[in-house]
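Q: The following block contains a protein sequence and its predicted model.
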2 protein chains.
Amino acid sequence: MDEFDLIRRFFSRDAESADTLVGVGDDGAVLEPTPGTRQVQVIDTLVEGVHFPANVNARDIGFRAVAVNLSDIAAMGATPRWMTLALTLWDKDEAWVQSFAAGLFEAAAEHGVALIGGDTTQGDSVVITVHVTGELEEGAEVLRSGARVGDTIFVSGTVGDAAAGLELLKEGIVDDDLARRFLRPTARVALGRQLSGRAHAAIDVSDGLVGDLRKLLDASGLGAELDIESVPLSNALLARFDIDSAIRFALTGGDDYELCFTAPADAVTGIGGITAIGKVSEVPGLVCRNKGEIVEVDDSGYRHFT
Amino acid sequence: MDEFDLIRRFFSRDAESADTLVGVGDDGAVLEPTPGTRQVQVIDTLVEGVHFPANVNARDIGFRAVAVNLSDIAAMGATPRWMTLALTLWDKDEAWVQSFAAGLFEAAAEHGVALIGGDTTQGDSVVITVHVTGELEEGAEVLRSGARVGDTIFVSGTVGDAAAGLELLKEGIVDDDLARRFLRPTARVALGRQLSGRAHAAIDVSDGLVGDLRKLLDASGLGAELDIESVPLSNALLARFDIDSAIRFALTGGDDYELCFTAPADAVTGIGGITAIGKVSEVPGLVCRNKGEIVEVDDSGYRHFT
């Protein structure tokens, strides 16, 4: 079963309460607890061996479990405020828990987020779920569904580093800039706040740039052209991998936790650390071009149409 | 590592924000998102093989995952409103997920709770985490720490049934009233609302009546006398087990999800389905009496002091 298919088929009933403005299907839910207020809630799980290799140290895991949730909050344009933790443990000792907690509080403190509750359980594997509640002003949410024809598509930072770093980690290489991009993702909370009221649509890049951009376009009922040459690649990535591998990581690797968003080009003037990579169009589907030629992008990378 | 010890040592830093009124350590956290409003958040995890036997059907698991969280909301005196789900699956097929979702929505619909988001992941075991957000009026929360000397101690419904039912389930007996008490706990949401403003302290009975009452008393810095003969036992429990086993289940078995609370006796007049079982005293510690004699209660049951 595919995750998205499963959610759509079994869990995406319309929220029944009038004060749920956005339910299942965006980076986070948008609530109106009291008239005129907006709250954003997100929940994300990390499973050992699935979302991170077993050799990752506990402090990084704690940091990452919070950061991936803050990234969802950022993608909604909200400010994170409170979090709860559900921690299922297996074969871990006190030193592990202490180190995990240190990483958790480190990520939370960077954004002034308070741990308000949780549940710890014993299980057959390590499963970490964090729930974060954020706030924003009325009408300030940035959804996946708001893209408009003619919007420029932007991405923050550089992409592909985390997926490349994960490959290095699996080979046992921990002390590396790319590995650190995987272990210590930067949730773009400040950028998300800047985008509120300026960007039309946003999503965080957790499953890969092309896949996540497709989700944004599907939600908006639109298409786009993506210029592969414009996709920002880091020097660290280019130093360690050939250009084809680097582009494959950038387009289809996940875990970057950068923000991909659409906005009129002149609406984001003055916002730093972002790169224009394409344009939203009326024609459904995502057309990727490399040096002007249309190429096909799938999980194994990109290739010319034959 | 003991769960409570672990939480106290590593995760119970004081919440840093002024709008967190109650953080880690009660049944739920109490927030003040905007001045004059109160929100309660709870999170609870079920692990297959730990919190329920692998032979429990998916619909019951879905129902239970929601009900145990609604019970925490009830213990705070709040009204549940929204929930998110983190579902980690292993070796389950679509029929399982469909049935699980049916049970989840069934429990949610009973209390008008909307599923607003979630995350599904693959893992080595089945781990279900549900987060629920509730609401209450300013100052209406019922905490563990509010008990006062002279309060009467009450418990709702009957206790011990669920623990006895779990024992039956482990023997493969599913079609039984006691087993159903385990599989389909009744979250005492309506009672919790009635207690708001009337009870001084409350906790839900998830780990066992004596253990949970001790937590309430510790949080309140007080002691109590518990009259074992007054503890309400169901006919179903007494029909299947001898009196000593029944009392052992009632005092030390968990999973009842009844509410244990303290209040002046005349403050709860007119509230049905509750039984007085003891009195709060100034002397720290919980003194249990059976037929007037002091007895010692531990996980194996109760015995006379020698």
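A: Sure, I can see it. Numbering: from 1, shown residues only, chains lettered A, B, ... in the order given.

Q: ok, so what distance separates the spatially most central residue of chain A from A:Ala78?
A: By C-alpha atoms, centre = their mean, chain A has its centre lying nearest to A:Asp204, at 3.2 Å. A:Asp204 sits at a distance of 12 Å from A:Ala78 (criterion: C-beta to C-beta, to the nearest Å). Just so you know, the C-beta spots here come from the backbone N, C-alpha and C atoms, and that holds for glycine as well.

Q: How about the contacts made by the residue nearest to the centre of chain A?
A: A:Asp27, A:Ser71, A:Asp72, A:Ala74, A:Ala75, A:Arg188, A:Asp212, A:Tyr257, A:Glu258, A:Leu259, A:Cys260 (C-beta atoms under 8 Å, 6 or more residues apart in numbering or on different chains).

Q: Which of these ranks first by neighbour count?
A: When the contacts of A:Asp204 are compared by neighbour count (other C-beta atoms under 10 Å in any protein chain shown), A:Ala75 ends up highest, at 35 neighbours.

Q: I'd like the distance between that residue and A:Asp212.
A: 10 Å.

Q: Then A:Val130?
A: 20 Å.

Q: Kindly report the same for A:Val42.
A: Taken as C-beta to C-beta, the span from A:Val42 to A:Asp212 is 15 Å.

Q: ok, now A:Gly118?
A: Using C-beta to C-beta, we find A:Gly118 at a distance of 29 Å from A:Asp212.

Q: likewise A:Gly160?
A: In terms of C-beta to C-beta, A:Gly160 sits 13 Å off from A:Asp212.

Q: again with A:Arg248
A: 15 Å.

Q: Repeat that for A:Ala108.
A: From A:Ala108 to A:Asp212 the distance is 25 Å (C-beta to C-beta).

Q: host element of A:Glu135?
A: Assigned by DSSP states H and E, A:Glu135 belongs to strand A:127-137.

Q: by contact count, what packs against that strand?
A: strand A:37-47, helix A:58-75, strand A:79-89, strand B:37-47, strand B:79-89, strand B:127-137 (3 or more C-beta pairs under 8 Å, 6 or more residues apart in numbering or on different chains; DSSP states H and E).

Q: And the average pLDDT for the last one is what?
A: Throughout strand B:127-137, pLDDT has a mean value of 96.

Q: show me where the stretch 201-306 of chain A has helices.
A: Remark: helices assigned in the stretch 201-306 of chain A by DSSP state H, counting those that start in this stretch are A:209-220, A:235-240, A:243-252.

Q: low-confidence ranges in the stretch 151-300 of chain A?
A: Low-confidence segments of the stretch 151-300 of chain A, defined by pLDDT under 70: A:299-300.

Q: Go through stretch A:219-227 and flag the buried ones.
A: A:Ala219, A:Ser220, A:Leu222, A:Gly223, A:Ala224, A:Glu225, A:Leu226, A:Asp227 (16 or more other C-beta atoms under 10 Å in any protein chain shown).

Q: what do you get for stretch A:236-255?
A: A:236-237, A:240-241, A:245-255.

Q: what does stretch A:255-275 give?
A: For stretch A:255-275, the neighbour count (16+ other C-beta under 10 Å) marks A:Asp255, A:Asp256, A:Tyr257, A:Glu258, A:Leu259, A:Cys260, A:Phe261, A:Thr262, A:Ala263, A:Val268, A:Ile271, A:Ile274 as buried.

Q: which residues does the last one contact?
A: Under the criterion of C-beta under 8 Å, 6+ apart, the contact partners of A:Ile274 comprise A:Phe154, A:Val155, A:Ser156, A:Leu191, A:Val268.

Q: could these be laid out in a markdown table, adding distance to chain B and secondary structure?
A: A markdown table is the format used below for those (distance: C-beta to the nearest C-beta, whole Å; DSSP: H, G, I helix; E, B strand; the rest coil):
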| residue | distance to chain B | secondary structure |
| --- | --- | --- |
| A:Phe154 | 25 | strand |
| A:Val155 | 23 | strand |
| A:Ser156 | 22 | strand |
| A:Leu191 | 22 | helix |
| A:Val268 | 27 | coil |
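
Q: Widest-spaced pair of the residues you listed?
A: A:Val155 and A:Val268 (12.0 Å; C-beta to C-beta).

Q: looking at it, A:Val132 is touching A:Ala75, isn't it?
A: No: if you go by C-beta atoms under 8 Å, A:Val132 and A:Ala75 don't touch, sitting 12.0 Å apart.

Q: so what's A:Gly36 up against?
A: So A:Gly36 contacts A:Glu138 (C-beta under 8 Å, 6+ apart).

Q: can you check A:Trp96 too?
A: Per C-beta under 8 Å, 6+ apart, neighbours of A:Trp96: A:Ala58.

Q: since we're on A:Gln122, how many residues are nearby?
A: Neighbours of A:Gln122 (other C-beta under 10 Å): 15.

Q: So it sits against B:Glu48, correct?
A: No: here A:Gln122 does not reach B:Glu48: they are 12.0 Å apart, not a contact under C-beta under 8 Å.

Q: Can you say which of the helices and strands packed on strand A:127-137 is nearest to B:Leu195?
A: strand B:127-137 (11.2 Å).

Q: Pull out the buried positions in that closest one.
A: Of the residues in strand B:127-137, those buried (16+ other C-beta under 10 Å) are B:Val127, B:Ile128, B:Thr129, B:Val130, B:His131, B:Val132, B:Thr133, B:Gly134, B:Glu135, B:Leu136.

Q: Kindly report the same for stretch A:70-85.
A: A:70-85.

Q: Now do stretch A:11-23, average pLDDT.
A: 75.

Q: from memory A:Phe182 sits against A:Glu167, does it?
A: No: with contact defined as C-beta under 8 Å, A:Phe182 does not reach A:Glu167; the gap is 9.1 Å.

Q: Which of these two has more residues huddled nearby?
A: A:Phe182 (27 against 18).

Q: give me every residue that touches that one.
A: Contact partners of A:Phe182, counting by C-beta under 8 Å, 6+ apart, are A:Asp161, A:Ala162, A:Ala163, A:Gly165, A:Leu166, A:Leu169, A:Asp255.

Q: Would you point out the most distant pair within those residues?
A: It's A:Asp161 and A:Leu169 that sit farthest apart of these, by C-beta to C-beta, at 12.2 Å.

Q: Just want the residue of the stretch 201-306 of chain A that's nearest chain B.
A: A:Ser206 (10.5 Å; C-beta to the nearest C-beta).

Q: ok, that residue - how many residues close by?
A: Residues near A:Ser206, counting by other C-beta under 10 Å, number 20.

Q: pretty sure A:Ser196 is in contact with A:Leu136, am I right?
A: Yes: between A:Ser196 and A:Leu136 there is a contact at 6.5 Å, judged by C-beta under 8 Å.

Q: joint contacts of those two?
A: A:Gly77, A:Ala78.

Q: Mind checking the helices and strands packed on strand A:127-137 for the one nearest to B:Glu296?
A: Here strand B:37-47 is closest among those (C-beta to C-beta), at 30.4 Å.
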